[in-house]
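1. next one to model:
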Amino acid sequence: MSTKAKINNVRNIGIIAHIDAGKTTVTERILYYTGRSHKMGEVHNGEAVMDWMPDEQERGITITSAVTTCHWKNTEIHIIDTPGHVDFTIEVERSLRVLDGAIGVFSAVEGVEPQSETVWRQADKYREPKIAFINKLDRVGADFFATVEMIKERLDAHPLILQIPVGLEDDFRGIIDLIHMQQITWDEDSLGALFEAQDISSDVFKTAEDYREKLIETLAENDDDLMEAYLAEAPIESQNLLDAVRKTTIALKLVPVLCGSALKNKGIQPLLDAIVRFLPSPLDIPPIKGVHPDTAQIVECRAKDTDPLAALIFKVAMMEGRKLSFIRVYSGKMKVGTDVYNPSRKQKEKLSRILMMHANKRERVEEVGAGNIVGVVGLKESSTGETLCSQDHPVLLEKIEFYEPVISIAVEPKTRADQEKFDEVLEKFIAEDPTLRVRKDEDTGQTILSGMGELHLDIIISRMQREFRTNVNFGKPQVVYRETIEKQADASAIFDKEVAGQRHFGEVFLSLSPLPRGSGKRFEATISEESLPQEIITVIQNSVMESLESGSLIGYPVVDVQVTLTNATFKESLASELAFKVSASMACKEALSKGEPFLLEPIMDAEVFVPEAFVGEVIGDLNSRNGKIESIDHKKGHQVITATVPLSRMFGYSTSLRSATQGRGTFSMQFSHFDRS
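-> Just a heads-up that it's a prediction; the model follows:
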């Protein structure tokens, strides 16, 4: 199937948005109208095809990014439906890393919400062309043009309105296509599968004309060919506009804006047309660049089946107990039964099966070419972020950045039978999820799980019990702090011992000084290479960085510290790596305790959406949690309160907010920075 699709007829797109903006509902409609699924799945009744995990169906949210393939007008579209909850940001990050374009879904009621901003910026980072789809126009409080303004202001984007709604809220009837100047209405009896384009009704014709003129002006400003025709007052055909929209979208100059109501089955077919017309195929984007693992020379990977293989593993999942690797093929071909090379591990791997994915269902194929996104079974060692290539033409593609966890819980198996499965299950979760960390607490012997938020850890515990039948006891969530120092401190340490019949000697002098918040850890050596060999300086640096993983206060990682190697005593016949490693560690620990260490805690950006009648109570509650109110914005009967709050004070906040607002308040929260508690 997939190998037959020409590469210029392939689209790799992601659907991104804030939680509850309607991403999964949009995806479900796309699958229904393209014939990929024969029943319309709904999120609210737990029947969405793309939300296939039991936890997703129960909670009505997307947890894991699901991959599917569908066809529309001779184009093969690979879609990744990503989560909207901040705890699962890594799912969005690694999906966007391998996609060529994105659909940003926005609720016409709430507009651009915090997580919409986060995922949009992630797409910007990977220079991905985007389309904005303004959803929920049938809802009370919907405001299409206010949402467009928010896209402009909050996302620093340049929206290009291609459609405007006909009516809003209960009166939402359809959309006007400004390029073809047609009014499109949907047949409700056919679940929106049938629609017709007709002349624009007289009451909105003048508005449509005004917005079409703005559309042409904006395009002309960004496209030279159209500017010439515009200035010459030559007739501008619909095809000229379509070509200009495609060109400016792929060049990241403009963002086409479409609209509709996915739940009411309106606006999806024109969105599919826009994906095909305006978003790039793998041939329309610059070739991805990697480096040769041995020579570090830049290697360009072109989207051609005839070129050497270059593919990236962007996700690993355990499905029915087997390891399934999700892969984007950038160049070359992959064939079942052949060997591929992992340059990071310098190992060969065999491709046992290649699968076209449809959420948790799959279809076997014998080979796939450049531009495809597939699942592969058979990779034993390779993991997320690693490259697969041919051994004759090795290449390393850029890895995926992961996030640091901010919250921990202690877990322990309930029974001896659970104990036997426990470590194996944890290994599987870590392979799947790079933001999950596991460590043993040496004092208590407990296993500590660290993740991105309460919900993240909640889902892990739930999956342990459901999928892997491993029952565990777990404690209350604990905040993951950082440590730093108040003032400069110097220390030295000597290691002078006989080990295994040989004397080892090393003396190290270190100076530690505080850095501004968010600076991380730095090391420098002011000692010359003549007095201390470079390999010993490297040993000292590695030892210091290892020591900073556990601070002197409670044992949390140390950040915002400059470590300077000021001096060292090197005795030629007695010097050893062991001696300098131990003395550097001892000197670092001593300097940390002298530097008046203190804790830094995670500070969160919170946005609370609350009816006007309850604003006073909510602000009072945030103040009692040491929150700092940044702004209060008015929005159609609601107020949006933006604040920064310590994470340690936000446990159980959703329950407090519900009781303070009679269940009508909502909030979202994402990590901002570490600061003094």
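
2. now do the SS call for Lys581.
-> Classification of Lys581 by DSSP: H, G, I helix; E, B strand; the rest coil places it in helix.

3. host element of Ser659?
-> Here Ser659, judged by DSSP states H and E, is contained in helix 653-660.

4. who are the packing partners of that helix?
-> Contacts defined by 3 or more CB pairs under 8 Å, 6 or more residues apart in numbering; DSSP states H and E place helix 653-660 against helix 615-624, strand 666-676. Glycine gets a C-beta too; all of them are placed from N, C-alpha and C.

5. which strand is the longest one in the protein?
-> Longest strand in the chain by number of residues, with DSSP state E as the criterion: strand 597-611.

6. just for this structure, where's the confidence low?
-> Applying pLDDT under 70 to the chain flags the ranges 1-5, 37-66, 83-91, 319-321, 359-361, 400-403, 442-445, 635-637, 677.

7. centroid-wise, who is the farthest residue in it?
-> In the chain, the greatest distance from the average C-alpha position (CA atoms, centre = their mean) is reached by Gly501, at 53.6 Å.

8. now do Arg416 against Ile448, distance only.
-> 21 Å (CB to CB, to the nearest Å).

9. neighbour-wise, which of those two wins?
-> For Arg416 versus Ile448, the count of surrounding residues by other CB atoms under 10 Å is larger for Ile448: 17 against 7.

10. you'd agree that one is up against Lys440?
-> Yes. Shown here, Ile448 and Lys440 form a contact pair, counting by CB atoms under 8 Å, at 7.4 Å.

11. what number of residues lie near Lys487?
-> Lys487: 10 neighbours (other CB under 10 Å).

12. list the contacts for it?
-> With contact set as CB atoms under 8 Å, 6 or more residues apart in numbering, Lys487 has these partners: 514, 595-596.

13. can I get the buried part of these as one ChimeraX selection?
-> Selecting only the buried entries of those in ChimeraX, with 16 or more other CB atoms under 10 Å as the criterion:
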select :514,595
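
14. which residues in the stretch 451-600 of the chain form helices?
-> 454-466, 534-547, 577-594 (DSSP state H, counting those that start in this stretch).

15. name the residues that touch the helix or strand where Lys421 lies?
-> Using DSSP H and E, Lys421 falls within helix 416-432. With contact meaning CB under 8 Å, 6+ apart, helix 416-432 is reached by 315-318, 323, 383-384, 413, 436-438, 447, 449, 460, 463-464, 468-472.

16. try 10 Å this time
-> 64, 315-318, 321, 323-325, 383-384, 411-414, 436-438, 447, 449, 451, 460, 463-465, 467-473 (CB atoms under 10 Å, 6 or more residues apart in numbering).

17. would you mind listing the buried residues in that helix?
-> Buried residues in helix 416-432 (16+ other CB under 10 Å): 418, 422, 425-426, 428-432.

18. likewise for stretch 174-187?
-> Quick answer for stretch 174-187 (16+ other CB under 10 Å): 174-179, 182-184, 186.

19. now do stretch 341-353
-> Those would be 341-344, 349, 351, 353, for stretch 341-353 by 16+ other CB under 10 Å.

20. can you lay out those residues as TSV showing secondary structure and distance to Thr295?
-> Compiled in TSV, the buried residues of stretch 341-353 are given as follows (DSSP: H, G, I helix; E, B strand; the rest coil; distance: CB to CB, whole Å):
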residue	secondary structure	distance to Thr295
Tyr341	strand	16
Asn342	strand	18
Pro343	coil	12
Ser344	coil	16
Glu349	strand	23
Leu351	coil	27
Arg353	strand	34
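
21. tell me the one of those nearest His673?
-> The closest of the buried residues of stretch 341-353 to His673 turns out to be Ser344 (CB to CB; 31.3 Å).

22. so what's the closest one closest to, chain neighbours aside?
-> Distances taken as CB to CB, 6 or more residues apart in numbering place Glu386 nearest to Ser344, at 4.9 Å, with adjacent residues excluded.

23. count the neighbours of the one you found for me.
-> With other CB under 10 Å as criterion, Glu386 counts 23.

24. any idea how far Ala303 is from it?
-> Distance from Glu386 to Ala303, by CB to CB: 20 Å.

25. cool, and Ala579?
-> 54 Å.

26. direction included, what does the longest strand of the chain pair against?
-> strand 482-485 (antiparallel), strand 638-646 (antiparallel), strand 666-676 (antiparallel) (DSSP bridges).

27. which of those strands sits closest to Val559?
-> Across the strands paired with strand 597-611, closest to Val559 is strand 482-485 (CB to CB), at 4.7 Å.

28. what's next to the closest one, contact-wise?
-> 404, 406, 512-515, 517, 519, 521, 548, 550-562, 591-602, 674-676.

29. with stretch 286-296 instead?
-> 98, 127, 282, 297-304, 307, 310, 312, 328, 330-331, 341, 343-344, 346, 387, 389, 393-398.

30. restricted to buried residues, select the residues you listed in PyMOL.
-> Command for PyMOL that selects the buried part of the contacts of stretch 286-296, burial taken from 16+ other CB under 10 Å:
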select buried, resi 98+282+299+301+302+303+304+307+310+312+328+330+331+341+343+344+387+389+393+394+395+396+397
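
31. next one: the residue nearest to Arg482 when sequence neighbours are not counted from Phe671, what distance?
-> Distances taken as CB to CB, 6+ apart put Leu600 closest to Arg482, at 4.3 Å, once the chain neighbours are dropped. Going from Leu600 to Phe671 by CB to CB gives 13 Å.

32. may I have the strands that pair with the strand or helix carrying Pro256, each with its orientation?
-> Following DSSP H and E, one finds Pro256 within strand 255-259. In the sheet, strand 255-259 lines up against strand 130-135 (parallel), strand 159-161 (parallel) (DSSP bridges).

33. now the longest one - C-alpha only, PDB.
-> Put plainly, it is strand 130-135. Extracted in PDB, the C-alpha atoms of strand 130-135 (Å, rounded to 0.1, in the frame of the first residue of the first chain):
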ATOM      1  CA  LYS A 130       1.100  24.900  10.200                       C
ATOM      2  CA  ILE A 131      -2.600  25.300   9.600                       C
ATOM      3  CA  ALA A 132      -4.900  26.700  12.400                       C
ATOM      4  CA  PHE A 133      -8.300  25.100  12.700                       C
ATOM      5  CA  ILE A 134     -10.700  27.100  15.000                       C
ATOM      6  CA  ASN A 135     -13.100  24.500  16.500                       C
END
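
34. and it, how far out from the chain's middle?
-> Mean-position distance between strand 130-135 and its chain equals 18 Å (CA atoms, centre = their mean, to the nearest Å).

35. the shortest one now?
-> Averaging C-alpha positions (CA atoms, centre = their mean) puts strand 159-161 25 Å from its chain's average.

36. show me what contacts the closest residue to Val255 other than its chain neighbours?
-> Excluding its sequence neighbours, the residue lying closest to Val255 (CB to CB, 6+ apart) is Ala157, at 4.8 Å. Ala157 makes contact with 104, 112, 120, 124, 130, 132, 148, 151, 252, 254-255, 257, according to CB under 10 Å, 6+ apart.

37. verify the contact between Gln662 and Pro611 for me.
-> Yes. Under the criterion of CB atoms under 10 Å, Gln662 makes contact with Pro611 at 8.3 Å.

38. higher neighbour count, these two?
-> Taking neighbours as other CB under 10 Å, Gln662 and Pro611 compare with Pro611 leading, 14 against 10.

39. buried sites along the top helix by length along the chain?
-> Assignment by DSSP state H gives helix 202-222 as the longest helix of the chain. Of all the residues in helix 202-222, those buried under the rule 16+ other CB under 10 Å are 204, 208, 211-212, 215-216, 218-220, 222.
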